[in-house]
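> Prediction below, plus the sequence it came from.
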Amino acid sequence: MLVSASVSLGLVPCPPTHWDAEGPLGCMPVRTDFLRQINLPVGITTQDAESAWLHEHEDALLASLSGAGAVHFQGFSLPRTKPGFRRFCNAFASLQPCTDPLASVGVRSLLSSTDGVYEAVNTFSKTFIGLHNDATREITAPFAAFVCFEPATAGGEFLVADGRAILADLAPSVVELLRKRSLSVCVASVPVGALADAGPLGVGAVRLLKQTIWWLLEQMTPLRLRVCPSADGRTLQILERPKPPINRHPRTFLPSFFSSIHSQSRYLQKQRVESADSPVAMTDVFYGDLSQIEPKVLTHIEEVVTRHTRSLEMVRGDVVILDSYQVLHGRDTFEGPREHGVVWLTGRAFHSESAEKSERISLSSLVNRFAVKGN
């Protein structure tokens, strides 16, 4: 059962996405220390001492996060429970837990409504979750803290990739093409084939349904989604507005690959499935004008992202904090039970005064119905 984010305690609204995507990309320095490891210091033996150490060394730890893009904390006992994990996050005084950027469309449940800990894709064990950043056209959590409460019996590794390295490795012609045409993400689809086949009355019904869905989306979510018919007219697609695949970091101004196309492309999802019965998400990615992206472009993105993906076998209590503006994350397939969680984080510099955006009604019943289906 999904729990609305509005009942969780101490979560500020997820801030607007910071866009700086125009003009020449300029210098793209190579990073040699992506993903730093932070081990529990010797002599820290209590959870109170762990929290105090994190708070005392916050500036240095956040500097490591900024420089490396992601930090992997190991050996801490505080984050092994949901309340303890929230205490772990609260030790960073300059960061504030915020609502899930996708809370208004209800695709993720809260593992703990009182601690603001969201589920980190513990279902669909046979589906590879491609590299993505959970950033939308309208809102983005600048940081995310992922925790392992219970590792899978086998597999289920947490995946991270350096967006700056991906951008530097992509063919310049592909970067230019993607920047010129932008990308539009289909987040859900509503089949209307039966209505489309019913003559003029059916066509009128499809038009009315399209307007109704659009109106509901406008009332219930801050994502400014649009509704467009598919090329064959048999599906109504719910889409994000076109957005650039490259973005500059709001603090360092360095450009990075800032797209979830590796995860959301239906073509790439189909290439990864083991059988025709494996589940494939209903998401897809098009050019901004809704034309199809060429398979060779998608295959090139797959090859580059895979080349820069790091796999982490997290154990109970491990935490990875990452910067969403420069790092992508994903999850490998797994067997057995698995419980990972995430707390989305922002800072005062990112905080939006438009708090009313977080008060929209959840669309979980709509989106979850169409989120995953068989191939």
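Structure received. Numbers count the residues shown, from 1 in each chain.

> need the contact list for Val315.
Contact partners of Val315, counting by CB atoms under 8 Å, 6 or more residues apart in numbering, are Gln74, Cys148, Pro151. Every C-beta, even on glycine, is put in place using the N, C-alpha and C of the backbone.

> The first one touches Glu313, doesn't it?
No - between Gln74 and Glu313 no contact is recorded; they are 10.8 Å apart, counting by CB atoms under 8 Å.

> circling back to that earlier point, among the contacts of Val315, which ones are buried?
Buried members of the contacts of Val315, counted by 16 or more other CB atoms under 10 Å: Cys148, Pro151.

> Dump the contacts of Val315 to TSV, plus pLDDT and secondary structure.
Formatted as TSV, the contacts of Val315 follow (pLDDT from 0 to 100; DSSP: H, G, I helix; E, B strand; the rest coil):
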residue	pLDDT	secondary structure
Gln74	98	strand
Cys148	98	strand
Pro151	97	coil
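
> Kindly reformat the contacts of Val315 as a markdown table containing distance to Gly199.
A markdown table is the format used below for the contacts of Val315 (distance: CB to CB, whole Å):
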| residue | distance to Gly199 |
| --- | --- |
| Gln74 | 64 |
| Cys148 | 55 |
| Pro151 | 56 |
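
> any idea which of the contacts of Val315 is the one closest to Thr81?
Cys148 (12.0 Å; CB to CB).

> residues contacting that closest one?
Phe158, Met314, Val315, Arg316, Gly317, Asp318, Val319, Glu339, His340.

> so what does the helix or strand Trp215 falls within touch, helix or strand wise?
Element membership of Trp215 [criterion: DSSP states H and E] is helix 199-220. Counting by 3 or more CB pairs under 8 Å, 6 or more residues apart in numbering; DSSP states H and E, the packing neighbours recorded for helix 199-220 are helix 193-196, strand 226-229, strand 235-239.

> Quick check on the contacts of Cys148: which are buried?
For the contacts of Cys148, buried by 16+ other CB under 10 Å: Phe158, Met314, Gly317, Asp318, Val319, Glu339, His340.

> Just want the most central residue of the chain.
Closest to where the C-alpha atoms of the chain average out (CA atoms, centre = their mean) is Asp134, at 1.8 Å.

> I'd say it and Cys98 touch.
No - assessed by CB under 8 Å, Asp134 is found out of contact with Cys98, at 11.9 Å.

> anything in contact with each of these two?
Common neighbours of Asp134 and Cys98 (CB under 8 Å, 6+ apart) are Ala141.

> Which residues are in contact with Ala161?
Ala161 makes contacts with Leu131, Val305, His308, Thr309, Arg310, Val327, Leu328, His329, Gly330, as judged by CB under 8 Å, 6+ apart.

> Pretty sure it sits in a strand.
Yes - using DSSP: H, G, I helix; E, B strand; the rest coil, the assignment for Ala161 is a strand.

> what's the most buried one of the helices and strands packed on helix 199-220?
strand 235-239 (a mean of 22; mean count of other CB atoms under 10 Å).

> now the angle from it to helix 199-220?
20 degrees (axes from the mean of the first three to the mean of the last three CA atoms, to 10 degrees).
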